[in-house]
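Visitor: following is a predicted model, sequence given first.
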Amino acid sequence: MKDQESPALVLEKVSRSYGSLRALDAVSFVLYPGELVALLGENGAGKTTTLRLIAGLLSPDAGLIQGMGGRIAWGSKEMKQFMGYLPEDPFLYETLSGFEFLELVGALHRLPRSLCQQRAEQLLTRLNLREVAQRRIQSYSQGMRRRLALCSVLLHSPRLLLLDEPLNGLDLASVREVKLLLSELCAEGSAVLVSTHLLDVAERLCSRAIILSHGRVIADGALEELRRQASQGAEASLEAVFFALTASDHGVVHSES
(Lines give C-alpha, C1' and ligand atoms only; values in the text may rest on other atoms or scores of the structure.)
Protein backbone atom coordinates (compact mmCIF):
# COMPACT_ATOMS: atom_id res chain seq x y z
CA MET A 1 0.00 0.00 0.00
CA LYS A 2 2.80 2.45 0.83
CA ASP A 3 4.20 2.07 -2.67
CA GLN A 4 0.87 3.32 -4.07
CA GLU A 5 0.39 6.41 -1.91
CA SER A 6 2.34 9.65 -1.71
CA PRO A 7 4.44 10.06 1.42
CA ALA A 8 3.40 12.85 3.76
CA LEU A 9 7.04 13.74 4.39
CA VAL A 10 10.37 12.94 2.75
CA LEU A 11 13.83 13.74 4.06
CA GLU A 12 16.74 12.93 1.74
CA LYS A 13 20.30 13.22 3.06
CA VAL A 14 19.53 16.24 5.24
CA SER A 15 22.52 17.70 7.07
CA ARG A 16 22.90 20.60 9.47
CA SER A 17 25.87 21.99 11.37
CA TYR A 18 26.26 24.57 14.12
CA GLY A 19 29.73 25.93 13.52
CA SER A 20 32.06 22.94 13.72
CA LEU A 21 29.39 20.72 15.31
CA ARG A 22 27.67 18.35 12.89
CA ALA A 23 24.16 18.14 14.38
CA LEU A 24 22.65 16.07 11.53
CA ASP A 25 24.55 13.98 9.04
CA ALA A 26 22.74 12.88 5.86
CA VAL A 27 19.47 12.02 7.60
CA SER A 28 16.90 10.29 5.39
CA PHE A 29 13.47 8.89 6.17
CA VAL A 30 9.89 8.86 4.89
CA LEU A 31 6.56 9.27 6.69
CA TYR A 32 3.30 8.07 5.18
CA PRO A 33 -0.27 9.17 5.91
CA GLY A 34 -1.68 7.28 8.88
CA GLU A 35 1.71 6.56 10.47
CA LEU A 36 2.51 7.43 14.08
CA VAL A 37 6.30 7.32 14.29
CA ALA A 38 8.59 7.81 17.28
CA LEU A 39 11.76 9.85 16.84
CA LEU A 40 14.16 8.55 19.46
CA GLY A 41 17.66 9.36 20.60
CA GLU A 42 19.73 10.45 23.56
CA ASN A 43 20.20 14.13 24.38
CA GLY A 44 22.12 15.78 21.56
CA ALA A 45 21.28 13.06 19.04
CA GLY A 46 19.57 15.54 16.71
CA LYS A 47 15.86 15.03 17.41
CA THR A 48 14.92 18.66 18.02
CA THR A 49 17.11 19.86 15.15
CA THR A 50 15.31 17.42 12.85
CA LEU A 51 11.90 18.72 13.89
CA ARG A 52 12.96 22.36 13.58
CA LEU A 53 14.32 21.74 10.10
CA ILE A 54 11.10 20.10 8.96
CA ALA A 55 9.07 22.92 10.53
CA GLY A 56 11.09 25.50 8.59
CA LEU A 57 12.64 27.15 11.65
CA LEU A 58 16.12 26.12 10.49
CA SER A 59 17.58 25.69 7.02
CA PRO A 60 19.47 22.52 6.07
CA ASP A 61 23.06 22.83 4.91
CA ALA A 62 22.39 20.05 2.43
CA GLY A 63 19.62 17.67 1.48
CA LEU A 64 15.95 17.80 0.55
CA ILE A 65 12.74 18.11 2.59
CA GLN A 66 9.38 17.69 0.85
CA GLY A 67 5.73 17.21 1.72
CA MET A 68 3.06 15.15 -0.05
CA GLY A 69 5.38 13.31 -2.38
CA GLY A 70 7.08 16.47 -3.60
CA ARG A 71 3.86 18.36 -4.29
CA ILE A 72 4.53 20.69 -1.35
CA ALA A 73 7.90 22.46 -1.22
CA TRP A 74 9.75 22.86 2.07
CA GLY A 75 9.37 26.34 3.56
CA SER A 76 6.36 27.26 1.42
CA LYS A 77 3.08 28.66 2.73
CA GLU A 78 1.45 25.40 1.68
CA MET A 79 3.89 23.43 3.83
CA LYS A 80 3.14 25.60 6.87
CA GLN A 81 -0.59 25.04 6.39
CA PHE A 82 -0.03 21.33 5.83
CA MET A 83 1.80 20.75 9.11
CA GLY A 84 1.59 21.58 12.79
CA TYR A 85 4.67 21.85 15.03
CA LEU A 86 4.65 21.62 18.83
CA PRO A 87 8.06 22.58 20.28
CA GLU A 88 9.21 21.29 23.64
CA ASP A 89 8.82 24.78 25.14
CA PRO A 90 5.99 26.46 23.20
CA PHE A 91 5.47 30.21 23.42
CA LEU A 92 2.08 31.35 24.73
CA TYR A 93 0.76 34.90 25.17
CA GLU A 94 0.40 35.08 28.94
CA THR A 95 -2.07 37.98 29.04
CA LEU A 96 -4.56 36.36 26.66
CA SER A 97 -7.17 33.86 27.71
CA GLY A 98 -6.90 30.36 26.33
CA PHE A 99 -9.77 30.99 23.92
CA GLU A 100 -8.32 34.35 22.79
CA PHE A 101 -4.99 32.66 22.09
CA LEU A 102 -6.67 30.08 19.87
CA GLU A 103 -8.56 32.85 18.06
CA LEU A 104 -5.21 34.55 17.39
CA VAL A 105 -3.68 31.34 16.07
CA GLY A 106 -6.73 30.79 13.87
CA ALA A 107 -6.41 34.29 12.44
CA LEU A 108 -2.74 33.66 11.62
CA HIS A 109 -3.83 30.56 9.70
CA ARG A 110 -6.61 32.62 8.07
CA LEU A 111 -9.33 30.32 9.33
CA PRO A 112 -12.87 31.70 9.01
CA ARG A 113 -13.89 33.03 12.42
CA SER A 114 -16.85 30.67 12.77
CA LEU A 115 -14.72 27.63 11.89
CA CYS A 116 -11.97 28.77 14.25
CA GLN A 117 -14.40 29.12 17.14
CA GLN A 118 -15.95 25.73 16.38
CA ARG A 119 -12.57 24.01 16.25
CA ALA A 120 -11.42 25.80 19.41
CA GLU A 121 -14.50 24.67 21.33
CA GLN A 122 -14.02 21.08 20.15
CA LEU A 123 -10.35 20.94 21.09
CA LEU A 124 -10.74 22.72 24.42
CA THR A 125 -13.48 20.28 25.36
CA ARG A 126 -11.50 17.28 24.17
CA LEU A 127 -8.42 18.26 26.17
CA ASN A 128 -10.40 19.24 29.27
CA LEU A 129 -9.71 22.98 29.08
CA ARG A 130 -13.17 24.36 28.45
CA GLU A 131 -13.71 25.41 32.07
CA VAL A 132 -10.53 27.52 32.05
CA ALA A 133 -10.80 28.79 28.46
CA GLN A 134 -11.72 32.34 29.57
CA ARG A 135 -8.93 32.56 32.15
CA ARG A 136 -5.62 34.23 31.36
CA ILE A 137 -2.89 31.82 30.36
CA GLN A 138 -0.61 33.20 33.07
CA SER A 139 -2.83 31.41 35.61
CA TYR A 140 -2.49 28.02 33.88
CA SER A 141 -0.53 25.09 35.27
CA GLN A 142 2.23 23.51 33.19
CA GLY A 143 -0.11 20.74 32.09
CA MET A 144 -2.81 23.21 31.04
CA ARG A 145 -0.26 25.19 29.01
CA ARG A 146 0.90 22.03 27.29
CA ARG A 147 -2.64 21.03 26.39
CA LEU A 148 -3.46 24.52 25.13
CA ALA A 149 -0.34 24.50 22.96
CA LEU A 150 -1.45 21.18 21.49
CA CYS A 151 -4.90 22.68 20.79
CA SER A 152 -3.21 25.52 18.89
CA VAL A 153 -1.21 23.07 16.78
CA LEU A 154 -4.31 21.07 15.87
CA LEU A 155 -6.56 24.06 15.24
CA HIS A 156 -6.05 24.23 11.45
CA SER A 157 -6.36 20.43 11.02
CA PRO A 158 -2.81 19.75 9.80
CA ARG A 159 -2.08 16.51 7.95
CA LEU A 160 1.47 16.31 9.30
CA LEU A 161 2.15 16.69 13.02
CA LEU A 162 5.60 17.27 14.52
CA LEU A 163 5.50 16.90 18.30
CA ASP A 164 8.53 17.46 20.54
CA GLU A 165 7.97 15.77 23.91
CA PRO A 166 4.17 16.30 23.78
CA LEU A 167 3.48 14.42 27.03
CA ASN A 168 5.82 16.46 29.24
CA GLY A 169 4.03 17.93 32.25
CA LEU A 170 0.76 16.07 31.68
CA ASP A 171 -1.08 14.09 34.33
CA LEU A 172 -2.10 10.48 33.68
CA ALA A 173 -5.60 11.36 32.48
CA SER A 174 -4.24 13.92 30.02
CA VAL A 175 -1.58 11.51 28.76
CA ARG A 176 -4.29 8.96 28.05
CA GLU A 177 -6.45 11.52 26.22
CA VAL A 178 -3.57 12.80 24.09
CA LYS A 179 -2.59 9.24 23.14
CA LEU A 180 -6.18 8.48 22.11
CA LEU A 181 -6.36 11.71 20.12
CA LEU A 182 -3.13 10.99 18.24
CA SER A 183 -4.30 7.48 17.40
CA GLU A 184 -7.57 8.88 16.06
CA LEU A 185 -5.77 11.47 13.94
CA CYS A 186 -3.63 8.75 12.38
CA ALA A 187 -6.71 6.63 11.72
CA GLU A 188 -8.09 9.64 9.82
CA GLY A 189 -4.96 9.82 7.66
CA SER A 190 -2.67 12.26 9.43
CA ALA A 191 1.04 11.49 9.76
CA VAL A 192 2.53 12.07 13.22
CA LEU A 193 6.21 12.27 14.16
CA VAL A 194 6.74 12.27 17.94
CA SER A 195 10.03 12.98 19.67
CA THR A 196 10.01 11.46 23.15
CA HIS A 197 12.21 10.08 25.90
CA LEU A 198 9.34 7.88 27.13
CA LEU A 199 10.29 4.61 25.47
CA ASP A 200 7.47 2.63 27.08
CA VAL A 201 4.92 5.11 25.72
CA ALA A 202 6.54 5.05 22.28
CA GLU A 203 6.39 1.25 22.25
CA ARG A 204 2.66 1.19 22.97
CA LEU A 205 1.69 4.17 20.86
CA CYS A 206 3.83 4.10 17.73
CA SER A 207 3.93 1.64 14.86
CA ARG A 208 7.52 2.49 13.97
CA ALA A 209 10.62 4.09 15.46
CA ILE A 210 13.44 6.14 13.97
CA ILE A 211 16.53 6.13 16.17
CA LEU A 212 19.13 8.88 15.91
CA SER A 213 22.64 8.72 17.29
CA HIS A 214 25.25 11.45 16.84
CA GLY A 215 23.14 13.07 14.13
CA ARG A 216 22.66 9.91 12.05
CA VAL A 217 19.76 7.54 11.55
CA ILE A 218 21.01 4.22 12.92
CA ALA A 219 17.67 2.41 12.89
CA ASP A 220 14.29 2.83 11.22
CA GLY A 221 11.52 0.25 11.38
CA ALA A 222 8.78 -1.48 13.30
CA LEU A 223 9.72 -2.94 16.69
CA GLU A 224 9.82 -6.49 15.33
CA GLU A 225 12.36 -5.47 12.70
CA LEU A 226 14.45 -3.51 15.20
CA ARG A 227 14.53 -6.52 17.54
CA ARG A 228 16.02 -8.63 14.76
CA GLN A 229 18.56 -5.98 13.82
CA ALA A 230 19.59 -5.56 17.46
CA SER A 231 19.78 -9.36 17.96
CA GLN A 232 17.16 -9.15 20.70
CA GLY A 233 14.50 -11.74 21.50
CA ALA A 234 10.88 -11.62 20.37
CA GLU A 235 9.78 -10.25 23.76
CA ALA A 236 12.46 -7.56 24.06
CA SER A 237 11.15 -4.11 24.95
CA LEU A 238 11.81 -1.02 22.87
CA GLU A 239 14.03 0.20 25.72
CA ALA A 240 16.24 -2.90 25.44
CA VAL A 241 16.36 -2.57 21.66
CA PHE A 242 17.15 1.14 21.84
CA PHE A 243 20.12 0.71 24.16
CA ALA A 244 21.44 -2.26 22.20
CA LEU A 245 21.40 -0.28 18.96
CA THR A 246 22.79 2.97 20.35
CA ALA A 247 25.52 1.09 22.24
CA SER A 248 26.75 -0.62 19.08
CA ASP A 249 26.17 2.25 16.61
CA HIS A 250 28.27 0.52 13.96
CA GLY A 251 26.21 1.57 10.97
CA VAL A 252 22.78 2.13 9.58
CA VAL A 253 19.99 -0.32 10.35
CA HIS A 254 17.02 0.20 8.07
CA SER A 255 13.74 -1.58 7.52
CA GLU A 256 12.67 -2.01 3.91
CA SER A 257 9.03 -2.57 4.87
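Guide: Cool, the structure landed.
Visitor: local confidence estimate at the residue lying closest to Leu57 once chain neighbours are set aside?
Guide: For Leu57, ignoring the flanking residues on the chain, the nearest one in space by Cβ to Cβ, 6 or more residues apart in numbering is Tyr85 at 7.8 Å. Using the backbone N, CA and C atoms, a C-beta is placed for each residue, glycine as well. With respect to pLDDT, Tyr85 scores 96.
Visitor: tell me the bridge partners for Tyr85.
Guide: Leu162 (DSSP bridges).
Visitor: how near is it to Pro158?
Guide: For Tyr85, the distance to Pro158 equals 9 Å [Cβ to Cβ, to the nearest Å].
Visitor: now do Glu225
Guide: Look at Glu225 and Pro158: by Cβ to Cβ, they are 28 Å apart.
Visitor: Leu31 now?
Guide: 13 Å.
Visitor: kindly report the same for Met79.
Guide: 10 Å.
Visitor: so where's the stretch 101-250 of the chain shaky on pLDDT?
Guide: 249-250 (pLDDT under 70).
Visitor: how about the strands in it?
Guide: Using DSSP state E, counting those that start in this stretch, the strands found in the stretch 101-250 of the chain span residues 160-164, 191-195, 208-213, 216-221.
Visitor: which helices and strands does the last one pack with?
Guide: In other words, strand 216-221. Counting contacts by 3 or more Cβ pairs under 8 Å, 6 or more residues apart in numbering; DSSP states H and E, strand 216-221 is packed against strand 21-31, strand 208-213, helix 223-229, helix 238-248, strand 253-254.
Visitor: residue ranges for the helices of the protein, please.
Guide: Under the criterion DSSP state H, helices of the chain are mapped to 47-55, 77-82, 98-108, 113-126, 142-154, 172-187, 199-205, 223-229, 238-248.
Visitor: which elements pack onto the shortest one?
Guide: Contacting helix 77-82 under the criterion 3+ Cβ pairs under 8 Å, 6+ apart are the following elements: strand 62-67, strand 72-73.
Visitor: what's the answer for the last one, then?
Guide: Judged by 3+ Cβ pairs under 8 Å, 6+ apart, helix 238-248 is in contact with helix 199-205, strand 208-213, strand 216-221, helix 223-229.
Visitor: and of the strands of the stretch 101-250 of the chain, who's closest to Leu51?
Guide: Nearest of those to Leu51, taken as Cβ to Cβ: strand 160-164 at 4.9 Å.
Visitor: tell me what that closest one is packed against?
Guide: Under the contact criterion of 3+ Cβ pairs under 8 Å, 6+ apart, strand 160-164 touches helix 47-55, strand 83-86, helix 142-154, helix 172-187, strand 191-195.
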